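Enquirer: Sharing a model prediction with you, sequence too.
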Amino acid sequence: MKKIKVLFFAFLLAIITSSCYNDNEEDVYALFGQVCDTINVNYEKNIKTFLNYKCVSCHDGSHPTCNLNNYIQASNYALLPASNLYSTVSNNNHKNCYLNECELKQLKLWIENGAH
């Protein structure tokens, strides 16, 4: 009986410790051939996809102060000093909007480079 308890706890400990890990997103994506492009970030190639998928459902033009529906509107809003677009979404606590680490990097670079 004592051997069974020892084996059970050893097995349980092995499961618990092997299931915990802390990989960063870039390393995981690199394994699958998906690398975060932070060199040539632009609206059409990088920003448009996640804005349309994750933001436009609320920011579609019905809120004139924050319209992310197209390039001109998104660019104008991103460049407004008062918009704080990056800081608003960077904490991933903006009305169920979650941007992954790569999307956040790309958004920040896009804004820093003039939102082109």
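Expert: Sure, I can see it.
Enquirer: Need the residue closest to the centroid of the protein.
Expert: N100 (1.7 Å; CA atoms, centre = their mean).
Enquirer: Kindly provide the distance from that one to N92.
Expert: Going from N100 to N92 by CB to CB, to the nearest Å gives 9 Å. Placement of C-beta: from N, CA and C, glycine included.
Enquirer: Helices of the chain, residue ranges please.
Expert: 2-19, 25-31, 48-54, 71-79, 85-90, 101-112 (DSSP state H).
Enquirer: So what touches the fifth one?
Expert: Here helix 85-90 makes contact (CB atoms under 8 Å, 6 or more residues apart in numbering) with Y77, A78, H94, C97, L99, L104, L107, K108, I111.
Enquirer: contacting residues for the fourth one?
Expert: Meaning C97. Counting by CB under 8 Å, 6+ apart, C97 makes contact with K54, C55, V89.
Enquirer: 10 Å instead?
Expert: C97 makes contacts with F50, K54, C55, S57, C58, H59, T88, V89, as judged by CB atoms under 10 Å, 6 or more residues apart in numbering.
Enquirer: so what's it bridging to?
Expert: Judged by DSSP bridges, the bridge partners of C97 are H94.
Enquirer: pLDDT at it, what is it?
Expert: On the pLDDT scale, C97 is placed at 76.
Enquirer: how close does it sit to L68?
Expert: Distance from C97 to L68, by CB to CB: 11 Å.
Enquirer: So for these two, which residues contact both of them?
Expert: Contacts common to C97 and L68, judged by CB under 10 Å, 6+ apart, are K54, C55, C58, H59.
Enquirer: Give me the buried subset of those residues.
Expert: The neighbour count (16 or more other CB atoms under 10 Å) marks K54, C55, H59 as buried among the shared contacts of C97 and L68.
Enquirer: For A82, see how far away the residue lying closest to the first one once chain neighbours are set aside is.
Expert: Think K54. For K54, ignoring the flanking residues on the chain, the nearest one in space by CB to CB, 6 or more residues apart in numbering is C97 at 5.6 Å. Per CB to CB, C97 is found 19 Å from A82.
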